[in-house]
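Asks: Task: produce atomic coordinates for the following.
(2 chains)
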Amino acid sequence: MKKGLSANTLRLMIPVVSLAVLLMAVFWLQPRAMSYMGMNLLFNLAVPIALATIAQMLIIAVNDLDLSIGTFVSFAACVTAVYLPTAPVTGIAILAAAIAAYAVIGIVIHLRDLPSIVVTLGMSFVWGGLAVLILPAPGGTAPVWLRSLMTAAIPVVPLAIVASIVIAIVAHLVVMRSTLGVAIRGVGGNSRSVARAGWSVLRIKAAAYALSGLFSVLAGMALVGLTTSADANIALRYTLLSIAGVILGGGEFVGGRVSPLGAVVGALTLTLAGSFLSFLRISPDWQIGAQGAVLIIVLGLRLLLSRREA
Amino acid sequence: MTIRKILAASAAVLVCALAPLSAQADTAGKKIALSNNYAGNSWRQAMLTSWDKVTKEAVKAGVVSAADAFTTAENQATEQAAQIQNMILQGYDAIVINAASPTALNGAVKAACDAGITVVSFDGIVTEPCAWRIAVNFKEMGRSQVEYLSKKLPKGGNLLEIRGLAGVFVDDEISAGIHEGVKQFPQFKIAGSVHGDWAQDVAQRAVAGILPSLPDIAAVVTQGGDGYGAAQAFEAAKRPTPVIVMGNREDELQWWKKQKDANGYETMSVSIAPGVSTLAFWVAQQILDGKDVKKDLTVPFLRIDQDTLDESVKTTQKGGVANVEYSQADAEKVIAGAK
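Replies: This next block holds a predicted model:
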């Protein structure tokens, strides 16, 4: 028991330490960042990424992978910017239907035993097409309440930090503490024993996908709150960022081993890595490579430590 | 009396000596950044080279203290928004943007404005009202072609229109401008219209296909990147070469020069110069200098005429587009023209 706990703490320690090291490096390069406004500017775009990472983590928890998160978040952003300010009922209905569609995708993947990568890759074109249909040219406006929520000036601690902490705590309660969360991770770990224990794997998978859809919708809404309007291609890079965030945060592709706290920290680390490289004035030709190098270093560290653990 | 005169004179000398200095000193400590979303084609490469060349000289001359260019790696709006937010932290006084999306950067642009930073967008403009926009007037680009032809061919005649890629905003705008021009100069009639996709080979095939069904063509109106292909098609069909309006591409200019040297062929060529980034730089500098600048400005066209052709052929790189770097005076002219 005690050993397991320390392994889990260790798993969480690496992303937290890398975030802290990166943050200190950024502060050293750019002392202006060490302020209320600076922290907000550094991290506010990480809030939607953190939500998308949690969404991806829920799918990874049941041993699947979602390649449509980027286009789905873009779609949710378009719906938010087009319908929520003028026809909130229609907008909420569309978003609810989209979440239901996610549950159906989960059911289809489970029933037909389809590879999730193929199904979600196909769905990414569907979501992309729907986004263009809803918003053919970039535009739309953020609902006033959403804009003021995302730009709210909370005393002392910037909103971006507070939001990240809230997301981490909520996700932690849902995934690590609730019955459903245990069942979801159980399906990822050993779905047969979960079924033998009298659970419906189908229902659990549908719930995991629906929850993931919900977090993606929240990511799209948060993004629109920050950008004030949408674009059908606004969040395409979230697909890969969310996967990298989960893995960086101590999650694993199989076995239901995920960490919501780590996922949020992973998303923050990825965002910060981009700023760090930009402050370093690394040429854009090298930036993707450098971002990859940061990932490899962190993952390499993890591998070393887990070897020692074993 | 004399002492007073001397005093007045020396004061005047002092003022005269200080005036140009103070005009420069206002922005000498300012830092300007370029946020660019994409660098993957020859137009964008030329744009960045022009920026580098002009701003390096401006920094050396002490007009501004820094003018750094940043390009995002993945051409994604959220990535560019983060880049702009980083620029706010880096303490730039002005940010010049070629945007990945007209709307998705608005939050970051607003944050920059709120931090007291001057934001100037060009080419890929942003819709956030606090930013300045230097936009291309594609409609006028189409209309001006017909206007030129009305002077060159006062009697008018049949026109062949070569359009760009169907369904793209730019294609619709230029074509609308051409049709507007035809309405304004009714001696012209559009006898046929094909899509050349802004590519010489596509244009050549399309023109060759429609030519047999057309009456005598007096002139060809184009969108750029298609004039050389059209000329080839006319030559292959053994029809007299009409006045083909060119689009500043190197192969088009070469062909024009060859014709001009051989038989005095006359036309004109018009497009947007990649050096428009330097215009945006000077506009940002003027705003920082306290000048009153309208929020919406228009990119001037780079037009090549019979007398400027030889010079342009010499300076245009093989496979490239004719380019021009703008000066502070050019920016002042554009600003004054918008009022």
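Asks: give the contact list for the nearest residue to B:Ser269 once chain neighbours are set aside.
Replies: Sequence neighbours aside, B:Met246 is the residue nearest to B:Ser269 in space, at 3.6 Å (criterion: C-beta to C-beta, 6 or more residues apart in numbering or on different chains). (Each C-beta comes from the backbone N, C-alpha and C, glycine too.) Applying C-beta atoms under 8 Å, 6 or more residues apart in numbering or on different chains to B:Met246 gives the contacts B:Thr222, B:Gly224, B:Gly227, B:Tyr228, B:Glu252, B:Leu253, B:Trp256, B:Thr267, B:Met268, B:Ser269, B:Val270, B:Ile304.
Asks: just the buried members of these?
Replies: B:Thr222, B:Gly224, B:Gly227, B:Tyr228, B:Glu252, B:Leu253, B:Trp256, B:Thr267, B:Met268, B:Ser269, B:Val270, B:Ile304 (16 or more other C-beta atoms under 10 Å in any protein chain shown).
Asks: which one among the residues you listed gets closest to A:Val144?
Replies: B:Gly224 (43.0 Å; C-beta to C-beta).
Asks: which SSE is that closest one in?
Replies: Of the helices and strands defined by DSSP states H and E, none includes B:Gly224.
Asks: which phi and psi does it have?
Replies: The phi and psi values for B:Gly224, taken as degrees, to the nearest 10, are phi 100, psi 140.
Asks: Check A:Trp145 too.
Replies: When quoted as degrees, to the nearest 10, the phi and psi of A:Trp145 stand at phi -60, psi -30.
Asks: residue contacts, it?
Replies: Contacts of A:Trp145 (C-beta under 8 Å, 6+ apart): none.
Asks: give me phi/psi at B:Ile244?
Replies: Here is the backbone geometry of B:Ile244 (degrees, to the nearest 10): phi -100, psi 120.
Asks: list the contacts for the nearest residue to it once chain neighbours are set aside?
Replies: Among residues not flanking B:Ile244 along the chain, B:Val220 sits closest, at 4.4 Å (C-beta to C-beta, 6+ apart). Residues near B:Val220 by C-beta under 8 Å, 6+ apart: B:Leu159, B:Leu160, B:Glu161, B:Ile162, B:Val207, B:Gly227, B:Ala230, B:Pro242, B:Val243, B:Ile244, B:Val245.
Asks: packing partners for the helix or strand of chain A with the lowest mean pLDDT?
Replies: The weakest-scoring helix or strand in chain A, judged by mean pLDDT, DSSP states H and E, is helix A:284-309 (a mean of 76). Helices and strands touching helix A:284-309, by 3 or more C-beta pairs under 8 Å, 6 or more residues apart in numbering or on different chains; DSSP states H and E, are helix A:2-29, helix A:238-248, helix A:260-279.
Asks: Include mean pLDDT when you put those into a markdown table, please.
Replies: Output for the helices and strands packed on helix A:284-309, formatted as a markdown table (pLDDT from 0 to 100):
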| stretch | mean pLDDT |
| --- | --- |
| helix A:2-29 | 80 |
| helix A:238-248 | 92 |
| helix A:260-279 | 90 |
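Asks: With distance to A:Val119 and mean neighbour count added, can I get those in TSV?
Replies: Below are the helices and strands packed on helix A:284-309 laid out as TSV (distance: least, C-beta to C-beta, whole Å; neighbours: other C-beta atoms under 10 Å in any protein chain shown):
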stretch	distance to A:Val119	mean neighbour count
helix A:2-29	29	15
helix A:238-248	14	26
helix A:260-279	22	26
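Asks: Compare those helices and give me the one nearest chain B.
Replies: helix A:260-279 (4.9 Å; C-beta to the nearest C-beta).
Asks: how about the helix or strand where B:Lys183 lies: buried residues?
Replies: Here B:Lys183 sits within helix B:169-184, counting by DSSP H and E. Using 16+ other C-beta under 10 Å as the test for burial, helix B:169-184 gives B:Asp171, B:Glu173, B:Ile174, B:Ser175, B:Gly177, B:Ile178, B:His179, B:Gly181, B:Val182.
Asks: contacting residues for the nearest residue to the second one once chain neighbours are set aside?
Replies: Spelled out, that is B:Glu173. Using C-beta to C-beta, 6+ apart and skipping the chain neighbours, the partner closest in space to B:Glu173 is B:Phe138 (3.7 Å). Applying C-beta under 8 Å, 6+ apart, we find B:Phe138 in contact with B:Val170, B:Glu173, B:Ile174, B:Gly177.
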